[in-house]
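Chemist: Give the three-dimensional model of this entry:
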Amino acid sequence: MENEGLFKNTMMVKDQVYSVPLFLTVTDSHGMKKTVLVEQDWMIRNGRWEIVDRDK
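Modeler: Below you'll find the model as predicted:
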């Protein structure tokens, strides 16, 4: 899988949780290019960055 990545350098603050969107353009084994959006939520807890699971 080839990553031609595009990182959208913006962070949206929601209750001290930072949502970081990451747009990736990937090429699968059939040569098809797809752009996917992956978002991860991060927060600072006890002075350290942690990934937040919003489903909890």
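
Chemist: CA atoms only: put the host helix or strand of residue 20 into CSV for me.
Modeler: Using DSSP states H and E, residue 20 maps to strand 17-27. The C-alpha trace of strand 17-27 is given here as CSV (Å, rounded to 0.1, in the frame of the first residue of the first chain):
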residue,chain,number,x,y,z
VAL,A,17,-10.0,17.0,23.6
TYR,A,18,-8.2,17.7,20.3
SER,A,19,-9.6,16.0,17.2
VAL,A,20,-6.9,15.5,14.7
PRO,A,21,-8.1,14.7,11.1
LEU,A,22,-5.7,12.9,8.9
PHE,A,23,-6.4,12.5,5.2
LEU,A,24,-4.5,9.7,3.4
THR,A,25,-4.4,8.8,-0.2
VAL,A,26,-3.6,5.1,-0.6
THR,A,27,-3.2,2.7,-3.5
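
Chemist: what's the next secondary structure element after that strand?
Modeler: As assigned by DSSP H and E, the chain's next helix or strand after strand 17-27 is strand 33-45.

Chemist: For the closest residue to residue 33 other than its chain neighbours, list each beta-bridge partner.
Modeler: Among residues not flanking residue 33 along the chain, residue 27 sits closest, at 5.3 Å (Cβ to Cβ, 6 or more residues apart in numbering). C-beta here means a position set from N, CA and C on the backbone, and glycine is covered the same way. Note on residue 27: beta-bridge partners by DSSP bridges are residue 2, residue 33.

Chemist: Residue 17 too?
Modeler: Assigned bridge partners for residue 17, using DSSP bridges, are residue 14, residue 43.

Chemist: my guess is it contacts residue 42, does it?
Modeler: Yes - at 7.1 Å, residue 17 and residue 42 qualify as touching, with contact defined as Cβ atoms under 8 Å.

Chemist: overlap in contacts of those two?
Modeler: Common contacts of residue 17 and residue 42, defined by Cβ atoms under 8 Å, 6 or more residues apart in numbering, comprise residue 52.

Chemist: what's residue 37 in contact with, if anything?
Modeler: Contacts for residue 37 (Cβ under 8 Å, 6+ apart) come out as 21, 22, 23.
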